[in-house]
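1. Build me a model:
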Amino acid sequence: MRKLAGYAGLVVGAVAVVMSVYHVYARLTVYAPDQQALLYITLAFSLVLSFLLWPSRRGATPGRVPWGDLALAGLSLACIGYLFVNYHYVVNRFPTADPLSRMDLAVGITAILLVLEATRRTIGAALPIVAIVFLAYGFAGPWLYGWTYHRGLSLEITVDQVYFTTEGIFGVPMTVAATYVILFIIFGTFLERSGAGQFFMNFANAIAGGARGGPGKVAVVSSSLFGTISGSAVANVMVDGWLTIPMMKKTGFKPEAAAAIEAVASTGGQIMPPIMGAAAFVMAEFQGVSYTQVMIAAAIPAFFYYGALFAAIHFNAVRSGLKGLPREELPVLGYIIVRQGHLFLPVIVLLALLLYGFTPTYGAIIATVALVGISWLRPSTGLGWRACLEGLRDGAVQTVPVAMACASAGIVIGIVLQTGLALRFTAFLIDFTYGSLLPALLITMVAGVILGMGMPTTPAYIMQAALLVPAIMKLGVEPMAAHMFAFYFSCLSAVTPPVALAVYAAASIGGAGLWASGVQAMKFAAAGFIVPFFFVYNPALLFQGPWPEILRAVLTGGIGVIALAASLEGYFLRRATWFERVLFLAAALLLIDPNVVTDVIGIGLLVVVLLLQKLWAPQSALAREAGA
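-> Numbers count the residues shown, from 1 in each chain. Predicted structure coming up:
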């Protein structure tokens, strides 16, 4: 991204501030334009900032905006301006029935190309390539076979569907970016400006830094908290990793383990309530439910994810004989809370507003205003007018990649809807798996990981929601469980080789091998790969069902993820034999499954393996303990 200074920096900064202010204004007044106009304005701001701030190739003109990019920004305004000039005609015509004029076609084609190029600049080439493939699929239908065949789309119908309706670029994904995501990103940037990130790190160090494997546990606590600010796995790594990874290596963690811990902990920020990744807001919109329902449903799986990671770090540290940080290097918890504890209050305010029934938009705005006031409880953290302007600017800039991803994902959605691909693919998947749920889930898991390798979580999830989620819902899965399943594996692609972006970022900081770090990350993230299968079969893990069943699921599942960590790390009371690791694994899987019979069997197996660990120590285990 360009670092503009002087007059150019002021102008671009002002554009970004106006974008943020407008979106706040649009949520607070009845005098703002309607929803459709808001989407046009969001895309206009996003396209302009894409071409002004992101160069066409890396390293190109880092300090100034070339004339070509200024021309593309102007062309973007012209394409959106055309929609406003013909606003009454555009919103009241019958799509695909009323023919497009030559000017309509020219503007629509130009706008689609601009969206694809802006997306390529901001998040990479993978998503634009996928969108182009789907556009080609729309034209190539008559020459295809089987479930891929369709009658084919003309150029006019394609442009109409993608640009002039509410089922393409201006569909559900862009609606979410324009109404929810930008306001939560603004809240996050204000929180970061107040110094909350440093508070989260100090707080985590104070409560966990001195324990065995303390820096690893600090990474878990700080990254889960920092997820409320960024909602991005790579961003979490790049902020937290520079502090936690060297600390972990200093206390004895291997570089690969340190990188893996930070990557897995940072990835969990997207699934950790109260503020999850942007895909969670899209999920709520697709299902027609409130974001609060999504947030509540995500709570137990997130608890299992971080609980398993925390336990794995502990067992890894004890097995390796690692210590925590010296007491003199740790901040004092009481002092940290007195000096900076107020910075966590805005998150509590936001959570309370959401649970009380406020919409996410109003909740985010009120929490941001509260944050500015709360920050002045200590002059050292007070947000002045300059910090507020910078927060508004950064909020808009950080929204641009999300908005462009949503716009390009909208192109795919438009083609899928117009060609009827979703219905045919659902029928094909059901036939291919012979109506069996487990193979369909495995295919969805693999698809989510593959899609997430080349694009952010949000578009990867949207692709699955369009093609795969309807199929597993057809097989009897509850909508929330089906969407959450796809969401989880879109997130976990960040720690799944061969393209594990969060692992790559962490490995570059820690000087670790990429493959070794990736394999270690998958082991630390094991609960994230396993738990989704269980909440599909038993929605009690998503807070759905009677309270006694939910509480039992939390209790036994919590024990199960600890047993899972013991199995993968090969340690509990002492180093475990392979037989004991198998027993730990079997007990874990049975306990995570919220079923009375499996829970009883799982508890029985766990008692057996604990007795073995306590009463019987084979010579090989004793020798390893002595060597350690």
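2. pLDDT on the helix or strand hosting E285, on average?
-> In this assignment (DSSP states H and E), E285 forms part of helix 278-287. The average pLDDT within helix 278-287 is 89.
3. elements contacting the next helix or strand after it?
-> Per DSSP H and E, the first helix or strand lying C-terminal to helix 278-287 is helix 291-297. Using 3 or more CB pairs under 8 Å, 6 or more residues apart in numbering; DSSP states H and E as the contact test, the elements touching helix 291-297 are helix 278-287, helix 345-356, helix 479-492. C-beta coordinates here come from the backbone N, C-alpha and C atoms, glycine included.
4. could you dump the first one to PDB, C-alpha only?
-> C-alpha atoms of helix 278-287 as PDB (Å, rounded to 0.1, in the frame of the first residue of the first chain):
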ATOM      1  CA  ALA A 278     -16.400 -10.100   8.600                       C
ATOM      2  CA  ALA A 279     -17.700 -13.500   7.300                       C
ATOM      3  CA  ALA A 280     -19.800 -13.800  10.500                       C
ATOM      4  CA  PHE A 281     -21.800 -10.800   9.500                       C
ATOM      5  CA  VAL A 282     -22.300 -12.200   6.100                       C
ATOM      6  CA  MET A 283     -23.400 -15.500   7.700                       C
ATOM      7  CA  ALA A 284     -26.100 -13.700   9.700                       C
ATOM      8  CA  GLU A 285     -27.400 -11.900   6.600                       C
ATOM      9  CA  PHE A 286     -27.500 -15.100   4.600                       C
ATOM     10  CA  GLN A 287     -29.600 -16.900   7.300                       C
END
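5. what's it packed up against?
-> For helix 278-287, the packing partners by 3+ CB pairs under 8 Å, 6+ apart come out as helix 172-176, helix 291-297, helix 457-467, helix 479-492.
6. now these as TSV including mean neighbour count?
-> TSV is the format used below for the helices and strands packed on helix 278-287 (neighbours: other CB atoms under 10 Å):
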stretch	mean neighbour count
helix 172-176	25
helix 291-297	21
helix 457-467	28
helix 479-492	26
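7. can I get those helices in JSON lines with distance to R120 and mean pLDDT?
-> Listed next are these as JSON lines, based on distance: least, CB to CB, whole Å; pLDDT from 0 to 100:
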{"stretch": "helix 172-176", "distance to R120": "17", "mean pLDDT": "91"}
{"stretch": "helix 291-297", "distance to R120": "30", "mean pLDDT": "92"}
{"stretch": "helix 457-467", "distance to R120": "13", "mean pLDDT": "87"}
{"stretch": "helix 479-492", "distance to R120": "20", "mean pLDDT": "92"}
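8. and of those, who's closest to Y40?
-> helix 172-176 (9.7 Å; CB to CB).
9. how distant is the closest one from the center of its chain?
-> 16 Å (CA atoms, centre = their mean, to the nearest Å).
10. ok, now stretch 416-429?
-> On CA atoms, centre = their mean, the centre of stretch 416-429 falls 26 Å from that of its chain.
11. For that stretch, list every residue counted as buried.
-> Going by neighbour count (16 or more other CB atoms under 10 Å), the buried part of stretch 416-429 is V416, L417, Q418, T419, L421, A422, F425, T426, L429.
12. do stretch 31-41 as well
-> With burial defined by 16+ other CB under 10 Å, the residues of stretch 31-41 counted as buried are L38, L39, Y40, I41.
13. and which of the residues you listed is nearest to F286?
-> Sorting the buried residues of stretch 31-41 by how near they are to F286, with CB to CB, puts L39 at the top with 16.6 Å.
14. Next up, the contacts around the closest one.
-> F170, M174, T175, A178 (CB atoms under 8 Å, 6 or more residues apart in numbering).
15. Save these as JSON lines, and put in distance to Y362 too.
-> Output for the contacts of L39, formatted as JSON lines (distance: CB to CB, whole Å):
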{"residue": "F170", "distance to Y362": "23"}
{"residue": "M174", "distance to Y362": "20"}
{"residue": "T175", "distance to Y362": "17"}
{"residue": "A178", "distance to Y362": "15"}
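16. ok, of those residues, which one's closest to G557?
-> Nearest member of the contacts of L39 to G557, counting by CB to CB, is T175, at 34.8 Å.
17. So for W242, what's the nearest residue that isn't a sequence neighbour?
-> I509 (6.1 Å; CB to CB, 6 or more residues apart in numbering).
18. helix or strand for the one you found, which one?
-> helix 501-510.
19. Give the other helices and strands that that helix contacts.
-> Judged by 3+ CB pairs under 8 Å, 6+ apart, helix 501-510 is in contact with helix 233-250, helix 255-267, helix 514-524.
20. List the buried residues for it?
-> Neighbour-count burial for helix 501-510 [16+ other CB under 10 Å]: L501, A502, V503, Y504, A505, A506, A507, S508, I509, G510.
21. mind checking how far the last one is from M174?
-> Computed as CB to CB, to the nearest Å, the G510 to M174 distance reads 37 Å.
22. where does the stretch 1-150 of the chain dip in pLDDT?
-> 59-62 (pLDDT under 70).
23. hmm, I was thinking of the stretch 151-300 of the chain
-> For the stretch 151-300 of the chain, the stretches with pLDDT under 70 are 227-231.
24. Scan the protein for its longest helix.
-> Using DSSP state H, we find that the single longest helix of the chain is helix 385-419.
25. count of residues packed around V402?
-> The tally of other residues near V402 (other CB atoms under 10 Å) stands at 28.
26. Same check on L615?
-> Neighbourhood size, L615 [other CB under 10 Å]: 7.
27. Please report how far it lies from R574.
-> 11 Å.
28. what touches both of those two?
-> Common contact partners of L615 and R574 (CB under 8 Å, 6+ apart): none.
29. mind checking the end-to-end distance for stretch 140-158?
-> From the first residue to the last, stretch 140-158 extends over 12 Å; the measure is CA to CA, to the nearest Å.
30. thinking again about what came up before, can you tell me which of the helices and strands packed on helix 291-297 is nearest to H23?
-> Distance to H23, taken as CB to CB, is lowest for helix 278-287 among these, at 14.0 Å.
31. chain center to that closest one, what's the gap?
-> With CA atoms, centre = their mean, you get 11 Å for helix 278-287.
32. Would you check that the residue nearest to W242 makes contact with V239?
-> No: applying CB atoms under 8 Å, one finds I509 not in contact with V239, separated by 10.8 Å.
33. check contacts around Y305.
-> Y305 sits next to G268, I271, A525, A527, G528, V531 when contact means CB under 8 Å, 6+ apart.
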